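In: Quick one, structure for this:
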Amino acid sequence: MNNCSNRKQIISDEQIIEMYWARNEKAIKETDEKYGSLLFRIAYNILHDRCDCEECQNDTYLGVWNTIPPTRPSVFPAFITRILRRIAINRYHYKTSQKRVPSEFTVSMEELNETLQSDMSVERDFEAKELGEMISDYVKYLSERQQYIFVGRYYMAEAVDRLAADLGLSVSSVYRELEKIKAGLKSYLERRGVYV
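Out: Numbers count the residues shown, from 1 in each chain. Down below sits the predicted model:
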């Protein structure tokens, strides 16, 4: 018997989305098989607690189930990771209101706040959505390596040493890249009238 025939075929994102539209519960299983480890990794970077991460994953699958339909995501992984991040960050805020939680998310957000910190409230001058769009536009101009570092650090809350290992760089090189990216982001925002 051929071993290749025993391997499970991973189905496409479009097929998974169609299952959600058809209200086929197999969509959740397929989502978990294809993206479960990614979702867990992002949640763990934020929460550092396996039980909380598993609950966030389950809440994410429920959120996707309740959102598709009517939403038809164009980029399924971005759609589900956005839902997971919101759930994990809410849980993080709940837990930190109770006690201090060690988290790579805390460290990465503190780093980014240094770049975006201002005496004036950015929210008064710009909607958060507009600021997010500006940051997304800036990231598009970065090299692939810089995009990987920025998204890994500030979206997925990856540890710097993990990013360095993934890219075959030293930790100090990744820190230098992050400083360069943050300085570039600050300059980019200032050219568009956002002074931080």
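In: Stretch 154-166: how far from the chain's middle?
Out: Chain-centre distance of stretch 154-166: 12 Å, with C-alpha atoms, centre = their mean, to the nearest Å.
In: Low-confidence stretches in this protein?
Out: Residues of the chain meeting the criterion pLDDT under 70: 1-8, 98-129, 195-196.
In: And it, what are its domain boundaries?
Out: Using automatic domain parsing, the domain parsing of the chain gives 11-98, 104-191.
In: hey, which of these is tucked in deepest?
Out: domain 11-98 (a mean of 17; mean count of other C-beta atoms under 10 Å). (Each C-beta comes from the backbone N, C-alpha and C, glycine too.)
In: how would you label residue 182: helix, strand or coil?
Out: Under DSSP: H, G, I helix; E, B strand; the rest coil, the three-state class of residue 182 is helix.
In: hmm, who's touching the helix or strand hosting residue 37?
Out: Following DSSP states H and E, one finds residue 37 within helix 26-47. For helix 26-47, the external contacting residues (C-beta atoms under 8 Å, 6 or more residues apart in numbering) are 8, 10-11, 13, 15-17, 19-20, 50, 52-54, 56-57, 60-61, 64-65, 77, 80-81, 84-85, 88-89, 91-92, 95, 101, 103-105, 156-159.
In: can you give me the helices in this protein?
Out: Counting by DSSP state H, the chain has these helices, from start to end: 13-21, 26-47, 50-67, 76-98, 104-116, 122-125, 128-140, 144-154, 160-167, 171-191.
In: what does the third one rub up against?
Out: Meaning helix 50-67. Counting by C-beta under 8 Å, 6+ apart, 20, 27-28, 31-32, 36, 39-40, 43-44, 47, 79-80, 83-84, 87-88, 91, 95 sit against helix 50-67.
In: would you put the C-alpha positions of that helix in CSV?
Out: Extracted C-alpha coordinates of helix 50-67, given in CSV (Å, rounded to 0.1, in the frame of the first residue of the first chain):
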residue,chain,number,x,y,z
ARG,A,50,-1.8,26.6,27.4
CYS,A,51,-5.4,26.3,28.8
ASP,A,52,-6.1,30.0,27.9
CYS,A,53,-4.7,29.4,24.4
GLU,A,54,-6.9,26.4,23.8
GLU,A,55,-10.0,28.3,25.0
CYS,A,56,-9.0,31.2,22.7
GLN,A,57,-8.7,28.7,19.8
ASN,A,58,-12.2,27.3,20.5
ASP,A,59,-13.6,30.8,20.9
THR,A,60,-12.0,31.7,17.5
TYR,A,61,-13.7,28.8,15.8
LEU,A,62,-17.0,29.9,17.3
GLY,A,63,-16.3,33.4,16.2
VAL,A,64,-15.6,32.3,12.6
TRP,A,65,-18.7,30.1,12.6
ASN,A,66,-20.8,33.0,13.7
THR,A,67,-19.2,35.4,11.2
